[in-house]
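Trainee: quick check, what structure comes out for this input:
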Amino acid sequence: MKVGRIEAGYRPKEERICDFGEVEQTLNEKDRKLQASRCMECGVPFCHWACPVGGKIPEWQDALYRGNIEEAYSILHSTNSFPEITGRICPALCEKSCVLAIHDEAVTTRENECATVELAYQAGIIVPNPPKTRTGKKVAVVGSGPAGLSAADLLNRAGHWVTVFEKNDAVGGLLRYGIPDFKLNKRVIDRRINLFEEEGIVFKTGVNVGVDISKTQLLKDFDAIVLAMGAEQPRNLEVEGRDLKGVYFALEFLTQQNKVIGGRQISGEERILAKNKNVLVIGGGDTGSDCVGTSIRQKAKSVTQIEILPKPSEAREPNNPWPYWPNVLRTSSSHNEGCTRRWSLNTKRFIGENGVLKQVEIVQVEWNKDENGRWKMTEVEGTSEIIDADLVFLSMGFTQPVHEGLLKNLGVKFDARGNVEVNEQKQTSVNKIFAAGDVERGASLVVHAIKAGQVVAENVDAFLRKKNPK
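Mentor: The predicted structure is shown next:
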């Protein structure tokens, strides 16, 4: 009641659009402590309830307020293997359920989380802590995204020998190649990976499991296997002109830019550049927003983002009360950098000349419930229009993990949605093989993947110790 919510805010727009440095600023230590002091240590901490990893939010914020960074970090790290990452990119479910959010004055928990970890690093508190003893059991983790890294960390802490296989040339999965540097500087990932290596985790990059190492060899060499490859099958848009040059999946664009920033060379013919082009982003989520920000930094002529669903309201609807996640309009830093946003639009066709994209036909749609109460989309007659577009990025989410290759070779079963089928212990239909994260849940938030990694680690540990009780 005495201290208002103050956010660190973003670097000036005119400055940040000229580079790929992180856009968020930081508060000074005094103001950060004051922000942590706003936590009321509620009798029923709804923030704890909303956080997928069960973060002990009132406890570590109190330690931060008191200036005990070691205690704050210890509590924070006890439920999250890499809070410096969620402190940057999590949509902060905890803040939406904060009691102060009833009056739109939620505690700045996400920023406080990030600040706590950075202060801990600066103070030399975060150091390698390898397990004192080893079980002798070997675990393979396939995929180094948030679920895989979370599982690997906890299994290593439990004393098992952990090897993480990554098909790309660097560790991190979508954290590295899907999220732009202006939201998550990759040095943040490298810093944590270095700690994991010093604690005993082995990372093998550029290894396509199922090709470079066979299923037979994998099952022979390891006592348990955790599949954490994510849901990498993007939702396609099967309309006329889809094969034109200039129409790409969002991750093709984002991954390439991240590789360029990481020092990789991309040949001229393969390079996707938005400079001086009219860019259309199809899909209104976070990945679409990342395409917007990246296009602006590449000096696009114009950037438009369209969404097939109606425009969300700016405030909670009566049927969407606190403390549940608010289904409201979300505006990112990228949107504020110069982007036209439109809703209730369906893409009809891509139009090109000599195999190259030039325009896109779109049409307005309406959403109404049918007799069974299901939402149904209908086109609005006479609203078709053609807009100029030199680049289109399809950012409509992901449907399932890629089945071809490893998953089919392993012989795991799939559920009705095409995800890897697991039981409550996250075991697949194949002995010794577990799965965690988007590969078994479907595309979701980083924090959900971290939790899945924790759950699978606990169950793999129990599985291995039952095999050979100590």
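
Trainee: please make it C-alpha for all contacts and neighbour counts, starting now.
Mentor: Noted.

Trainee: would you mind finding the longest helix in the chain?
Mentor: helix 446-467 (DSSP state H).

Trainee: and that one, which residues are buried?
Mentor: Of all the residues in helix 446-467, those buried under the rule 16 or more other C-alpha atoms under 10 Å are 446-461, 463-464.

Trainee: helices or strands up against it?
Mentor: Where contact means 3 or more C-alpha pairs under 8 Å, 6 or more residues apart in numbering; DSSP states H and E, helix 446-467 is packed against helix 146-157, strand 224-227, strand 433-435.

Trainee: Phe393: which of these is closest?
Mentor: Minimum separation from Phe393 across the helices and strands packed on helix 446-467 (C-alpha to C-alpha) falls at helix 146-157, 24.6 Å.

Trainee: got the angle between the next helix or strand after that closest one and helix 146-157?
Mentor: As assigned by DSSP states H and E, the chain's next helix or strand after helix 146-157 is strand 161-166. Counting by axes from the mean of the first three to the mean of the last three C-alpha atoms, to 10 degrees, strand 161-166 lies at 160 degrees to helix 146-157.

Trainee: which is the next helix or strand following strand 161-166?
Mentor: By DSSP H and E, the next helix or strand past strand 161-166 is helix 174-177.

Trainee: contacts for that next one next, please.
Mentor: The contact list for helix 174-177 (C-alpha atoms under 8 Å, 6 or more residues apart in numbering) reads Gly145, Pro146, Ala170, Leu184, Lys186, Ile189, Leu254, Thr255, Gln256, Asn258, Lys259.

Trainee: how about the helix or strand just after it: buried residues?
Mentor: Next in sequence after helix 174-177, counting helices and strands by DSSP H and E, comes helix 186-198. Neighbour-count burial for helix 186-198 flags Lys186, Ile189, Arg192, Ile193, Leu195, Phe196 (criterion: 16+ other C-alpha under 10 Å).

Trainee: and of those, the nearest to Gln298?
Mentor: Closest approach to Gln298 among the buried residues of helix 186-198 (C-alpha to C-alpha): Lys186, at 19.0 Å.

Trainee: okay, the closest one: pLDDT?
Mentor: For Lys186, the model assigns a pLDDT of 98.

Trainee: who are the contact partners of it?
Mentor: For Lys186, the contacting residues are Arg176, by C-alpha under 8 Å, 6+ apart.

Trainee: okay, now the domains of the protein?
Mentor: 19-122, 138-232+399-467, 236-396 (automatic domain parsing).

Trainee: quick one: which of these is nearest Ile6?
Mentor: Within the domains of the chain, the stretch nearest Ile6 is domain 19-122; the backing value is 7.1 Å (C-alpha to C-alpha).

Trainee: give the rounded mean pLDDT of the closest one.
Mentor: Average pLDDT, domain 19-122: 97.

Trainee: what do you get for stretch 289-309?
Mentor: Across stretch 289-309, pLDDT averages out at 98.

Trainee: any idea how far that stretch is from the middle of the chain?
Mentor: 19 Å (C-alpha atoms, centre = their mean, to the nearest Å).

Trainee: quick one: end-to-end length of that stretch, please.
Mentor: 16 Å (C-alpha to C-alpha, to the nearest Å).

Trainee: and stretch 339-351, what's buried?
Mentor: Applying a neighbour-count criterion of 16+ other C-alpha under 10 Å, the buried positions in stretch 339-351 are Cys339, Arg342, Trp343, Ser344, Leu345, Asn346, Thr347, Lys348, Arg349, Phe350, Ile351.

Trainee: export the domains of the chain to a markdown table and tack on distance to Lys2?
Mentor: What follows is the domains of the chain, written out as a markdown table (distance: least, C-alpha to C-alpha, whole Å):
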| stretch | distance to Lys2 |
| --- | --- |
| domain 19-122 | 8 |
| domain 138-232+399-467 | 31 |
| domain 236-396 | 23 |
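
Trainee: show me where this protein dips below the pLDDT cut-off.
Mentor: For the chain, the stretches flagged by pLDDT under 70 are 467-470.

Trainee: select the longest strand from it.
Mentor: Secondary structure assigned by DSSP state E gives strand 356-369 as the longest strand of the chain.

Trainee: can you name the element that comes right after it?
Mentor: strand 375-379.

Trainee: for the closest residue to Asn80 other than its chain neighbours, which three-state class applies?
Mentor: Using C-alpha to C-alpha, 6 or more residues apart in numbering and skipping residues adjacent in sequence, the residue nearest Asn80 is Val53, 6.8 Å away. Following DSSP: H, G, I helix; E, B strand; the rest coil, Val53 is assigned to coil.

Trainee: all numbers from here: first residue = 18
Mentor: In the new numbering, first residue 18, that becomes Val70.

Trainee: next one: Val70 from Ala317, what distance?
Mentor: Taken as C-alpha to C-alpha, the span from Val70 to Ala317 is 39 Å.

Trainee: returning to what we had before: from the contacts of helix 191-194, which is closest to Thr416?
Mentor: Closest approach between the contacts of helix 191-194 and Thr416, by C-alpha to C-alpha: Gly162, at 17.6 Å.

Trainee: my guess is that closest one meets Gly189, correct?
Mentor: Yes - with contact defined as C-alpha atoms under 8 Å, Gly162 reaches Gly189; the gap is 5.0 Å.

Trainee: give me the more crowded residue out of those two.
Mentor: Gly162 (25 against 21; other C-alpha atoms under 10 Å).

Trainee: for the more buried one, give me its contacts.
Mentor: Gly162 makes contact with Val188, Gly189, Gly190, Leu191, Leu192, Ala245, Met246, Gly247, according to C-alpha under 8 Å, 6+ apart.

Trainee: now do the contacts for the last one.
Mentor: Contacts here follow C-alpha under 8 Å, 6+ apart; on that basis Gly247 touches Gly160, Gly162, Pro418, Gly454, Asp455, Val456, Gly459, Ala460.

Trainee: please apply the same query to the second one.
Mentor: The contact partners of Gly189, by C-alpha under 8 Å, 6+ apart, come to Ser161, Gly162, Pro163, Ile206.

Trainee: try 10 Å
Mentor: Residues near Gly189 by C-alpha atoms under 10 Å, 6 or more residues apart in numbering: Gly160, Ser161, Gly162, Pro163, Gly165, Leu166, Glu183, Gly195, Lys203, Ile206, Asp207, Ile210.

Trainee: just curious, which of those residues is nearest to Gln322?
Mentor: Proximity to Gln322 was ranked across these by C-alpha to C-alpha; first place goes to Gly195, at 18.3 Å.
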